[in-house]
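Trainee: Provided below are the primary sequence and the corresponding predicted coordinates.
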Amino acid sequence: FEPLLIESKTPETVVLMLSSPETEVLTKACDALYKFASKDDKNKVTLLGLGALEHLYKLISHEHPIVRRNAIMVFGIMASNHEVKKLLRELDVTNPLISQLAPEEDVVIHEFATLCLAHMAVECTTKVKIFEQGGLEPLIRLLGSPDPDVQKNSLECIYLLVQDFQNRAAASELNVISPLLELLESEYPVIQLLALQTLEVISKDRETRIILGEKNGLDCLLKILETDELSDLHVGTLAVLGNCLQDVHILQLIQQTGGLKKLLSLLGVSTVPDIQKNAAKAITKAACDSEIRKILNEEEVEKCLLSLLETDNDEVKVAASQAISAMCENVDSKCVLGPQGIPQLVQLLSSDNEEVKEAAVTALASLTEASHSNASAVAEAEGIEPLVNTLSAQRDGAIANAVAVLTNLARQESSRVSIQSHGIMSALVEPLHSTNSHVQSKAAFAVAAFGCDAVARTELRNAGGLGPLVGLLHSKNEEVRRNACWAVMVCASDELTAVELCRLGALDILEEINLSTKRKNKFSEVALEKLLDNNLSQKYSRLGYLSSSNIITNGFYDCGQIKPGAKFLSLEELSMQELTDRRAIIFINAKPQEEEKISPTFHPSLINLCKCPGGALLYLNLNFRGYSILNKCVFLFYVRKGKGKKEEEKAKEVTDITPKDQEEINLENSLWLPPSDIILMDYINEAAKAILPLTTTRKQVVALAQFVADRMGGSIERDKLHDFSWELHISEIEFELKCNIVPIGKIKKGTFYHRALLFKVIADRIGIGCSLVRGNYNRAWNEVKLVDDPPKGTAGLLLPPQEYIVDLMFEPGFLIKQGSAKADQYKRI
């Protein structure tokens, strides 16, 4: 057949030529396709659509070297396209390409085969295939190739492969360190950088770092840092050294040869931000080990870090602050960094860069942890205000660490007072609402730290911080839950806060937590006890018991045993209920009614009445339900000398208020005021005068029991107990008051639980220790501990106290020994 010369201008025709059996046709077709694909990415996609890869795949193993070479060249150039790579993975070209890396193959084949592998090694699945098919060994061998393109492509492929820890170990066994160190002296910067990047990755393994030290790789790296002409390699070199510094043995080796001092001196004089930043990061990594921190401290690394804080680059400041945080684990470093570093870090809290702010406050948290002097230095540097402001930062890390610093400062009384003056409790409300568990934990811990002050607790309560704090009790995070329980325990130290916490459901949540063996903690148990101890009304309603240390104060009320899961209502809520036939609420308030100032929210006509001539003062007698003003309003006038008669005449004009005027008075914003129990006040005064002079506690208990019984209807015979119509008497009082709330002083016929409550109230006021126990069927009793007289002939013998139940019904003043049959009978009958 005569030779035929064909000129083609379409890739479709050339792709068809790939099926030709003629070597020359295949060679020219592959060469034409290589040139076409090299022009742009669109051409690669065109060839992909024409099915060129399937034909080329058969040719990469062709017996003719030129055809094989040209086909691999097309593969290498096309593999940069993502869609092409997908098809190459499906064709499983890695094994044929690896087989082309043999030493006897052409350099061009090596170049484009490694190029193709480098493009494909980006994918994890391809990395696994290359490793399993033995591709790592020939790639490492090709690092010694005389061709720089082969070196670069092989190096790039190895860099991608060693991202996998399994490949890193295999590369070290194949002695990849030596050729990598040789490539650091290459005349091509791109190869040097790739070699450094590969060294950085593989030096993460301790075995590799040891080999690097044995092969004098550290000296090679230090020489690069000393050479100004290689400044473009300094950042990568520092990254490798940063990994090496994590090994104590290698660091000691560098220190002994003077390399560490040289490294720090180079860092001190450098003005390149990337070098400064990476050096600080290297120190941060190395400082994770205590022995390394000790070595760095001996080399005065603190001076270097403090100088980095003065730079104008934010990234360097962040890295330096992080390194300072890491070095603070060393006590000596903390002492050095504190005096000079704290003022600089405080200034960084005002930075507009949120990352800088976070790093600075994190460093301050480390510096002030367990350091009295550093905590004082923060306060002296006027750091309290910016720290409180940082609580509203955008980054959770900044907020959490700012809270930590403020908590560290709170250990000193002067700093704590200063922090509170900046409204710390109000500022903590937002962190308590955070969804970040670390912020939640720190914020709850801060509430526990500052909540020991009554003013701070009031501020938190008024700022609405108790709600989110109670919400944290539901947290699934153990630390958050524990700190929240701690904070609730501290905040429950006063009655107002304890009542509010109970209203928000803290009591129910804590009870639920304590039922779980996994969720409960020491603070949850104490917090529940503390809440109840400062909310005795609810404690008695829930537990039916008040100990001798639970002192009943004004405002206490007994609404009976509450059912599990039922809401415990406040006295004000109970006062708003309509009169019912249910059990009366017994109320304690032996406090004189205070003169209330007129609120500016009252009706203007009422305000004008108070401005009458002579300085008239209006005293409003509010009924205890808080709904209306009694018909009588009393005016007290101070008659000025010489004008008494005239002013008295004017005063007569406003002495009465008509019902119409009364209805106009707006009391929506006035506070509900509990009624005073004048009779109870008299009881307490009479009891104190009659009982306190008695010489023994036993006599005082007996006398008080008789006193209570006399005020509550006297002694009752057991057989006639059912004739004692105390229920009717209580109903009459409720009807008279038009309310379910009955002051205890009003009760003249009281049964067991009325008498036991009155006994406890008076006993607490006059200093007699007793407990109050609720029983079934309207039973309640008081328990006292008394020391019996020693038997005759044993004078001076001190006997342990015995527990007695005080009879207030049948034989008032009779003491029934606890545990006896008579005591059981008293409780049951």
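Mentor: Okay, I see it. Numbers count the residues shown, from 1 in each chain.

Trainee: which residue ranges make up the domains of this protein?
Mentor: Residue ranges for the domains of the chain, per the TED database: 423-534, 571-591+674-827.

Trainee: just those domains: most buried one?
Mentor: Each of these was scored by mean neighbour count; the highest is domain 423-534, a mean of 20, by mean count of other C-beta atoms under 10 Å. Just so you know, the C-beta spots here come from the backbone N, C-alpha and C atoms, and that holds for glycine as well.

Trainee: what about that domain, average pLDDT?
Mentor: Regarding domain 423-534, the rounded mean pLDDT is 93.

Trainee: centre of the chain versus it, how much separation?
Mentor: In terms of C-alpha atoms, centre = their mean, to the nearest Å, the centre of domain 423-534 is set 12 Å apart from its chain centre.

Trainee: just stretch 113-128 next, same as before
Mentor: On C-alpha atoms, centre = their mean, the centre of stretch 113-128 falls 44 Å from the chain's centre.

Trainee: distance to residue 53 added to the domains of the chain, as TSV?
Mentor: Output for those, formatted as TSV (distance: least, C-beta to C-beta, whole Å):
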stretch	distance to residue 53
domain 423-534	50
domain 571-591+674-827	80
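
Trainee: for residue 18, which of the ones you listed is the nearest?
Mentor: Closest to residue 18 of the domains of the chain is domain 423-534 (C-beta to C-beta; 60.1 Å).

Trainee: quick one: residue 783 is in a strand?
Mentor: Yes - checked against DSSP: H, G, I helix; E, B strand; the rest coil, residue 783 lies within a strand.

Trainee: wait, it sits on residue 770?
Mentor: Yes - counting by C-beta atoms under 8 Å, residue 783 touches residue 770, with 6.5 Å between them.

Trainee: the helices in the stretch 1-150 of the chain, which residues?
Mentor: 11-17, 23-39, 41-49, 52-59, 65-78, 82-91, 94-99, 107-120, 124-132, 136-141, 148-161 (DSSP state H, counting those that start in this stretch).

Trainee: pLDDT at the nearest residue to residue 766 once chain neighbours are set aside, what is it?
Mentor: Among residues not flanking residue 766 along the chain, residue 688 sits closest, at 5.1 Å (C-beta to C-beta, 6 or more residues apart in numbering). Looking at residue 688, its pLDDT is 95.

Trainee: for the host helix or strand of residue 688, which outside residues touch it?
Mentor: Taking DSSP states H and E as the criterion, residue 688 maps to helix 678-691. With C-beta atoms under 8 Å, 6 or more residues apart in numbering as the test, helix 678-691 has contacts from 588-592, 700, 703-704, 707, 711, 743-746, 758, 761-762, 765-766, 768.

Trainee: redo that, cut-off 7 Å
Mentor: Outside helix 678-691, the residues within contact range by C-beta atoms under 7 Å, 6 or more residues apart in numbering are 588, 590, 700, 703-704, 707, 711, 743-746, 762, 765-766.

Trainee: next helix or strand past it?
Mentor: Per DSSP H and E, helix 678-691 leads on to helix 697-711 as the next helix or strand towards the C-terminus.
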